[in-house]
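Asker: quick one: sequence plus predicted model below, questions after.
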Amino acid sequence: MQLRNVVASASLLLAACASAPPAPQAPLAVQVDSKKAAVTHQDLTTAAVTVDAEALAPEAGVQATSAHWELVFDGKVVAQGDQPLGVTISTTEPTALSLVGQATLAPDAQAVQKLAEHRGGFPIALRGTIEFTGPNGAHGTAEFAKATLLREPRMPTVTVVDVGASHYDDGHVNITFNFGLDNPNPFPVQVESFKYKIEVNGQQVADAIAGQKTEVPASSKRVFEVTEQLDPQTFKDLDRTYKANTMKYRLTGELDVGLAKFDVDLGAPITFTR
């Protein structure tokens, strides 16, 4: 009778062990080292940051499947998102991972102007977690984070490179304006248009558009030449003004860079070249 009870107890114990859930699997302990961050795209309104990281797997068959990121600009989270990865992680040599996040930093013209007025750059960082999978359904996460400095954008400007005037025997005057669209930024700027008017001694001599859909390269200038002819029949006191050398111009207009539009108002004396 006693032997029968022992056998029955052992049978119940074996049955319980067979039906018990398996012990929880330890999470994958993948080593991740955030090496550096860099601003890899910037324009007047948006920016993207890339973090170069390295990962080392504790066993074979580990893959980085995705990353969830947050972009932190000037101490505030301004965007978040998910990035698919699909990268197999080595157990012997660190595997490179490139993590990218981007955001709109200036949603309107007023915000662009506010950024432009700042000096000294803005701190910007990309942080988040990377998801890993491994053999037999193993799973793990690891954090990444790195910061860098974003140079504040600068507004494109219109400058008058030079103005030259020539007087001819028949009495007419040609005035040539060379004005430039200046981009002081380390990235290209797309100019939608520059609508302008030119006055000489208070009389309008031009009303036109220049630079439509023009890309101004980084740290560069696009120069446009405009020549206007002034005739004695239509320009008041042209001969007297020329002889007195008292001509002045005024250039007014609107520079349109898409999100923002800026007024232009420039003027100076005109020097005759002949």
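Answerer: Noted; the coordinates are in hand. Numbers count the residues shown, from 1 in each chain.
Asker: quick one, what contacts residue 164?
Answerer: 175, 176, 271, 272, 273 (Cβ atoms under 8 Å, 6 or more residues apart in numbering). From N, CA and C alone the C-beta is placed, and that goes for glycine too.
Asker: just residue 165 next, same as before
Answerer: 173, 174, 175, 176, 247, 270, 271, 272, 273.
Asker: phi, psi for residue 111 please.
Answerer: As for residue 111, its main-chain torsions (degrees, to the nearest 10) stand at phi -70, psi -40.
Asker: excluding its backbone neighbours, what's nearest it?
Answerer: When the adjacent residues along the chain are set aside, residue 111 lies closest to residue 105, with 7.6 Å between them (Cβ to Cβ, 6 or more residues apart in numbering).
Asker: just checking: what are the partner strands of the strand ranked longest in the chain?
Answerer: With secondary structure taken from DSSP state E, the chain has its longest strand at strand 76-89. Strand pairing for strand 76-89, determined by DSSP bridges: strand 62-73 (antiparallel).
Asker: return the member of the contacts of residue 164 nearest to residue 152.
Answerer: Using Cβ to Cβ, residue 176 is the member of those that lies nearest residue 152, at 35.6 Å.
Asker: pLDDT wise, what is the closest one at?
Answerer: Per-residue confidence (pLDDT) for residue 176: 90.
Asker: that one: what secondary structure?
Answerer: strand (DSSP: H, G, I helix; E, B strand; the rest coil).
Asker: my guess is it contacts residue 226. True?
Answerer: Yes - with contact defined as Cβ atoms under 8 Å, residue 176 counts as touching residue 226 (7.2 Å).
Asker: between these two, who's got more neighbours?
Answerer: residue 226 (17 against 14; other Cβ atoms under 10 Å).
Asker: for that one, which non-adjacent residue is closest in space?
Answerer: residue 177 (4.6 Å).
Asker: please name the bridge partners of the one you found.
Answerer: Taking DSSP bridges as the rule, residue 177 bridges to residue 163, residue 226.
Asker: pretty sure it is touching residue 198, no?
Answerer: Yes - proximity of residue 177 to residue 198 meets the contact threshold set by Cβ under 8 Å, at 6.6 Å.
Asker: near the residue nearest to residue 111, how many other residues are there?
Answerer: Around residue 105 there are 24 residues (other Cβ under 10 Å).
Asker: contacts only, for it.
Answerer: So residue 105 contacts 45, 46, 47, 73, 78, 111, 115 (Cβ under 8 Å, 6+ apart).
Asker: phi, psi for it please.
Answerer: The phi/psi pair for residue 105 (degrees, to the nearest 10) is phi -100, psi -20.
Asker: need the per-residue pLDDT for it.
Answerer: 93.
Asker: ok, what's across the strand from residue 53?
Answerer: The partner residues for residue 53, given DSSP bridges, come to residue 34, residue 97.
Asker: show me what contacts it?
Answerer: So residue 53 contacts 32, 33, 34, 35, 96, 97, 98, 99, 130, 144, 146 (Cβ under 8 Å, 6+ apart).
Asker: reformat the contacts of residue 164 as a markdown table; add distance to residue 124.
Answerer: Formatted as a markdown table, the contacts of residue 164 follow (distance: Cβ to Cβ, whole Å):
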| residue | distance to residue 124 |
| --- | --- |
| 175 | 47 |
| 176 | 44 |
| 271 | 47 |
| 272 | 52 |
| 273 | 50 |
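Asker: break the protein down into its domains, please.
Answerer: Per the record, the chain has its domains at 24-150, 157-272, by automatic domain parsing.
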